[in-house]
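S.K.: Structural data only, the sequence is not supplied:
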């Protein structure tokens, strides 16, 4: 997607160690117009997926998931990393490694909002190693839901997440693919 | 706002202790269409505010802030509760008590995205005691920015947050006001 690629070229920063800083338009400051355009793009890709629900992980998946939900007219569930007091005692919980935190984080979804038979479209900001998305898929499958598609704003192809997700056997769409971040590089596919 | 009031009537739950559970459409599962309508409503109220930026707090302020940002064509900054590795060492940080966590949480904004002279519209899910919103206002003022308005999806008038925010001297808009949550009640203004 050209607009997102250009924005990464302009405002993205390679911090080294495979970390792409996109805090100016996705992760801390959000560009709502850009996220709206990304949501429209995901909706176009997944309009025939049969999805009944969108699943993402807090925090930075929320904006693109919500804009996709606006266009597909689907509810969005974001997995929590801490269990709030409003959540029932019995929850779906899995662990996934956090790229930017350097440790395992919990992904928690209430059974109230992820049900048997649901068809789930997973949307997230990054597809890197695929570990967070695999964690979301485990939560959905534990709930008896079926994954029907995966969308990520930015794929870092050199982290092989797409290969890790192949086991799910569903379409994987990334709006921008980055193939190399060695040194200061941000190279696009 | 009638649609939000009706949704709270239908799916909101009074958990006691002033806690209103809205996990089915705002806080864990998000109804994107409803958030879009709320964003449109906020935009209508604040279209002449002169705002140059929207400020909110992660996590549950993100959806209404982003939909408001879509309609006002403004960037959204969400204060982080943990400092990610992509953020500079020098940040704006304040503490605010968390209603649902029962402890103080940090609110952190990078100076990269909150600048001197900026006019800030604060959007959040709840206006209860006003402590989170006052924390956001402190961050903005520390950055040299000016607050021009405050919008909350749901105001719990019995927690007196509006009085606490009067010191800011700006318009305060809540889309739904709840006046009483004694016992099982959810009474609207």
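M.R.: Yes, it's here. Computed from a predicted model, the values in this text were never measured in an experiment.
S.K.: Quick check: neighbours of the longest strand seen in chain A in the sheet, parallel or antiparallel?
M.R.: With secondary structure taken from DSSP state E, chain A has its longest strand at strand A:146-156. Partners of strand A:146-156 in the sheet, by DSSP bridges, are strand A:119-127 (parallel), strand A:172-180 (parallel).
S.K.: Which residues belonging to the helix or strand residue A:34 falls within are considered buried?
M.R.: Assigned by DSSP states H and E, residue A:34 falls within helix A:32-46. For helix A:32-46, a neighbour-count test (16 or more other Cβ atoms under 10 Å in any protein chain shown) marks A:32, A:33, A:34, A:35, A:36, A:37, A:38, A:39, A:41, A:42, A:43, A:46 as buried. Placement of C-beta: from N, CA and C, glycine included.
S.K.: Assign a three-state SS to residue A:117, would you?
M.R.: coil (DSSP: H, G, I helix; E, B strand; the rest coil).
S.K.: which of the buried residues of helix A:32-46 come close to chain B?
M.R.: The residues of the buried residues of helix A:32-46 that also fall near chain B, by Cβ under 8 Å from any Cβ of the partner chain, are A:32, A:33, A:35, A:36.
S.K.: Which two among those are spaced furthest apart?
M.R.: A:33 and A:35 (7.3 Å; Cβ to Cβ).
S.K.: and of the buried residues of helix A:32-46, the nearest to chain B?
M.R.: Nearest to chain B among the buried residues of helix A:32-46: residue A:32, at 3.4 Å, using Cβ to the nearest Cβ.
S.K.: Tell me who's in contact with that closest one.
M.R.: Neighbouring residues of residue A:32 by Cβ atoms under 8 Å, 6 or more residues apart in numbering or on different chains: A:63, A:67, B:66, B:67, B:69, B:70, B:73, B:74, B:75, B:76.
S.K.: which stretch among the strands paired with strand A:146-156 comes nearest residue B:12?
M.R.: Judged by Cβ to Cβ, the one of the strands paired with strand A:146-156 that comes nearest to residue B:12 is strand A:119-127, at 25.0 Å.
S.K.: what's the closest non-adjacent residue to the residue nearest to the spatial centre of chain A?
M.R.: For chain A, residue A:124 is the residue whose C-alpha lies nearest the centre (Cα atoms, centre = their mean; 1.1 Å). Closest residue to residue A:124 apart from its sequence neighbours, by Cβ to Cβ, 6 or more residues apart in numbering or on different chains: residue A:61 at 4.4 Å.
S.K.: With residue A:130 instead?
M.R.: residue A:161 (3.1 Å).
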